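Student: with the sequence up front, the predicted model follows.
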Amino acid sequence: MIPFYEYDEERFFRSDDAPETVAIRRRIGFLRLSHLYQEKFAKTSARTAEIKDGLSDLQFIDTYRVPFQYSRVVRQHLRAGAFLKSSCGVTFTDLDGNVLYDLAGSYGVNLFGYDFYKACIASGTRQVGNLGPVLGAYHPVVAYNVERLRAISGLDEVSFHMSGTEAVMQAVRLARYHTGRSHLVRFCGAYHGWWGDVQPGIGNPMTARDTYTLADMSEQSLRVLRGRRDIACVLVNPLQALHPNAAAPADSALVDSGRNARFDRPAYTAWLKQLRAVCSDRDIPLIFDEVFVGFRLAPGGAREYFDVQPDLITYGKTLGGGLPVGVLCGRHALMKRYRDDRPVDVCFARGTFNAHPYVMGSMHEFLRRLASPEIMQLYQGLDALWNERAEQLNRRLSQNDLPVRVANLSSIWTVCYTKPSRYNWMLQYYLRAKGLALSWVGTGRMIFSLNYSEADFTEVMERFVAAAKAMEADGWWWSSATLTNKSIRRQILREILGGVVGRSDRQVRLRASSRSC
C-alpha cells in the first residue's frame, strides 16, 4: 500500500523543514563526505560497481541501507563498496588498503576473531582432506561433533543442515509431525530466517498460513497458549531480549528516533521460565532458535545463559567454524522421522550437503577449541566486561552532548537516539569514514568479537565519538520545539497519503483516457 516517492536534492537536506542555514551546512558536510568516499574507497567502490548489475543480492542491499525516500541521492554520492581483501585480528582491509575495525561480526559468525576461524577451517580441511567432498557417508569427525552437541544442548539427538533457515524448517516440521497440530507460534519482531511460515509481513510475497504472532513477555500470550489446541510449537529467538516486540533495527527503517532497546536479564529469564512451564503443561514443543546468538552468551548457549531447557534447539553460523551450517538438536521423541507401527507415515527432511566433510571438519575444530581453557577464559565475566564497555561509550557520548546512546546484550549492540531526527541513518556513513565497518543494516546491529582487547575497544570508542561529533557539526541533528517523533511520523504519513491519492488520481485519468480511445 505504501507508494514509492523520493526526495530531490533540495528536499533531501530539508525533509524535517530545517532552516536554510542548516540545509546549507548539511549540503556542505554531505559533499565533503562524498569527496572523502570517492578518494578513500575508490578501488573498492569501482569493483563493486563493475559487478552490481549481475549480483541481485548486492542490488537489494545497496538500495535498502537507508529509508527509501533518501536512497537515490545517497547511492549516487556515498559509495563505500562491498569488497574486502583480508582480515586480521579485529580488523578488515579493503581493496584501497583502508584498515577498518569490524563491527559487523559477519552476522554473528565472528565470535572469537577471524584468525580463530581461519585456523578452524585450515585444521578441519586437513583432517578430512583424504575423504574430500564425499556426500552421503560420514567422516569420523561427525561422531565427536554429535557427542559434543548433545552435551552442549542437553538434548538427545542431532541433525545437520546447510543453513539456520533449514534447521528451523526442520524443527517446525518435526513438531507438526509429532503433535499432529498445525500452527506455529512466533513472537513479534523475531527473525527466524526467510522461510515464509516464520516471516509474515514485509519481505514475504505470500501471507503466512498456520502462523500465530504473539506479544513477547505478555501474560495474554501465555493465556493463548493455554487455551488453544492447534499449536504445534513455540519459537523463541533469544536475541529479542534486547528489543522485545520490535523487529531487527535496520537503518533502512530508521525514520525517526523512536528506536528503543534495553536488556533486562532477570525479566527475560522469568518470562522464558513461565513460557517453559506453560509449554510443558500443554505438551507444546519449545524451540530455541540460537542461529544468531548461539555460543555468544555462554559456552552452552542461551539454554545455559537463561537456565531454561527447550525441547529443540537450532544452531548455525559460528558453529560451522567459519563454514555454512545449520544444526538441530532435540529430544528423541521429537527427532524421530517415522513411526514404527506405520511404515509409510514418515516426515521426510534431508539435504544433499548435510554433514559435508569439510563443514564437519571445521565444526570439529570449533567444538574442540570451544572446550579449551583459553576460550573458557573469554567467558569469565563476559557480561560485566561488555556492559562496562557500553557504559563507557555512553558516558563519552553524554559528556560530548551527543544525542546517541548504545544498548547491549553482551557483545551484541544497537544504537539508539535521544533527539528526534529524520537523519539518524546518516551516522553509518560517518562511522565508515572513521574506519568502522558495519553490516548493511547499519547502526541497528553492531557485533563485537570476544577477542577485542581494551586497546582495540578504546580505539573504536574514539572513532565512534569522532564520527558522531562530525555528524553533529554538519547539522544533521538540528532540532526545534516542533520537531518530535510524533510530528515526524505524521509528516511521513501525509507524504504517503499524498502519494496514494496522487496514484489514484493518475489511475482514474488513465482509465478515462482508455475509455475515450
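Tutor: Great, that's in hand.
Student: and Asn98, what does it touch?
Tutor: 40-41, 44, 435 (Cβ atoms under 8 Å, 6 or more residues apart in numbering). Placement of C-beta: from N, CA and C, glycine included.
Student: redo those as JSON lines? Include pLDDT, distance to Tyr64 and neighbour count.
Tutor: Shown next, in JSON lines, are these (pLDDT from 0 to 100; distance: Cβ to Cβ, whole Å; neighbours: other Cβ atoms under 10 Å):
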{"residue": "Lys40", "pLDDT": "96", "distance to Tyr64": "23", "neighbour count": "17"}
{"residue": "Phe41", "pLDDT": "96", "distance to Tyr64": "20", "neighbour count": "22"}
{"residue": "Thr44", "pLDDT": "95", "distance to Tyr64": "20", "neighbour count": "22"}
{"residue": "Gly435", "pLDDT": "97", "distance to Tyr64": "24", "neighbour count": "18"}
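Student: would a markdown table of those residues with distance to Asp57 and secondary structure be doable?
Tutor: Output for these, formatted as a markdown table (distance: Cβ to Cβ, whole Å; DSSP: H, G, I helix; E, B strand; the rest coil):
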| residue | distance to Asp57 | secondary structure |
| --- | --- | --- |
| Lys40 | 24 | helix |
| Phe41 | 20 | coil |
| Thr44 | 17 | helix |
| Gly435 | 25 | coil |
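Student: looking at the residues you listed, point me to the pair that's furthest apart.
Tutor: Across the contacts of Asn98, no pair lies farther apart than Thr44 and Gly435, at 13.2 Å, counting by Cβ to Cβ.
Student: which parts of the stretch 151-300 of the chain are strands?
Tutor: 157-161, 183-187, 211-214, 231-236, 286-289 (DSSP state E, counting those that start in this stretch).
Student: CA atoms only for the fourth one - export them in PDB, please.
Tutor: Meaning strand 231-236. Presented in PDB, the C-alpha positions along strand 231-236 are these (Å, rounded to 0.1, in the frame of the first residue of the first chain):
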ATOM      1  CA  ILE A 231      -0.400 -25.100  18.500                       C
ATOM      2  CA  ALA A 232       2.400 -27.400  17.200                       C
ATOM      3  CA  CYS A 233       5.400 -25.400  18.700                       C
ATOM      4  CA  VAL A 234       6.600 -22.100  20.100                       C
ATOM      5  CA  LEU A 235       9.700 -20.500  18.500                       C
ATOM      6  CA  VAL A 236      11.900 -18.200  20.600                       C
END
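Student: mind showing which ranges of this protein have poor pLDDT?
Tutor: Along the chain, segments meeting pLDDT under 70 span 499-517.
Student: kindly recompute the last result at 50.
Tutor: Across the chain, residues meeting the criterion (pLDDT under 50) sit at 504-517.
Student: picking up where we left off before, most packed of the strands of the stretch 151-300 of the chain?
Tutor: strand 286-289 (a mean of 28; mean count of other Cβ atoms under 10 Å).
Student: helices or strands up against that strand?
Tutor: Secondary-structure packing of strand 286-289 (3 or more Cβ pairs under 8 Å, 6 or more residues apart in numbering; DSSP states H and E): helix 164-179, strand 231-236, helix 265-282, helix 301-306, strand 312-316.
Student: what about 6 Å?
Tutor: Applying 3 or more Cβ pairs under 6 Å, 6 or more residues apart in numbering; DSSP states H and E, one finds that strand 286-289 contacts strand 231-236, strand 312-316.
Student: ok, and what's touching that strand?
Tutor: 168, 171, 192, 233-237, 279, 302, 310-314 (Cβ atoms under 6 Å, 6 or more residues apart in numbering).
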